[in-house]
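Trainee: structural data only, the sequence is not supplied:
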């Protein structure tokens, strides 16, 4: 952990450079000391079917969910959330200035007992680090 998921309305693709947005959020999250780089995942999910407010075709949204492992103090989570929300809103400010856009961010702390995972990415990162 952390895992970032960017959910967005399909009508934003002409205005938002999604790879750049993902890179911006990934980089900002990686810079937060409380989050291990080896656990960081950043991805996007396009929503083709949606209704927003008065259903106008220009209405759009981006909702970011950050899922993190259990145990960080509230002040650490709050600071991380504020940092990432500011990064998100700064990035989207030019788009928000010219079209209707709902921007939201949510942090979810996963239950420590009901969170299952496995992988070998940390091993590969360690090997690459020792080879350089």
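Mentor: Now that the structure is in, tell me what you want to look at. Since we're looking at a predicted model, the values are computed, not measured.
Trainee: element containing the residue nearest to residue 84 when sequence neighbours are not counted, please.
Mentor: Distance criterion Cβ to Cβ, 6 or more residues apart in numbering; nearest residue to residue 84, sequence neighbours excluded, is residue 28 at 5.9 Å. Bear in mind the C-beta positions are built from the backbone N, C-alpha and C, glycine included. Assigned by DSSP states H and E, residue 28 belongs to helix 18-30.
Trainee: and the next helix or strand after that helix, which strands flank it?
Mentor: Going down the chain from helix 18-30, the next helix or strand is strand 41-47, by DSSP H and E. The pairing partners recorded for strand 41-47 under DSSP bridges are strand 3-9 (parallel).
Trainee: quick one: the strand it pairs with to helix 18-30, angle?
Mentor: Counting by axes from the mean of the first three to the mean of the last three Cα atoms, to 10 degrees, strand 3-9 points 150 degrees away from the direction of helix 18-30.
Trainee: so which residues make contact with strand 3-9?
Mentor: Residues from elsewhere that reach strand 3-9, judged by Cβ atoms under 8 Å, 6 or more residues apart in numbering: 16, 18, 21-22, 25-26, 29, 39-47, 50, 52, 59-67, 84.
Trainee: filter those residues down to the buried ones.
Mentor: Among these, those scoring as buried are 16, 21, 25-26, 29, 40, 42, 44, 52, 59-64, 66-67, 84 (criterion: 16 or more other Cβ atoms under 10 Å).
Trainee: least trustworthy helix or strand in the chain by mean pLDDT?
Mentor: The weakest-scoring helix or strand in the chain, judged by mean pLDDT, DSSP states H and E, is helix 121-131 (a mean of 76).
Trainee: the residue nearest to residue 84 reaches residue 83, doesn't it?
Mentor: Yes: in this structure, residue 28 is within contact of residue 83 by Cβ atoms under 8 Å, at 6.5 Å.
Trainee: give me the more crowded residue out of the two.
Mentor: Neighbour totals were compared for residue 28 and residue 83, and residue 28 leads with 19 against 14 (other Cβ atoms under 10 Å).
Trainee: done for today, thanks.
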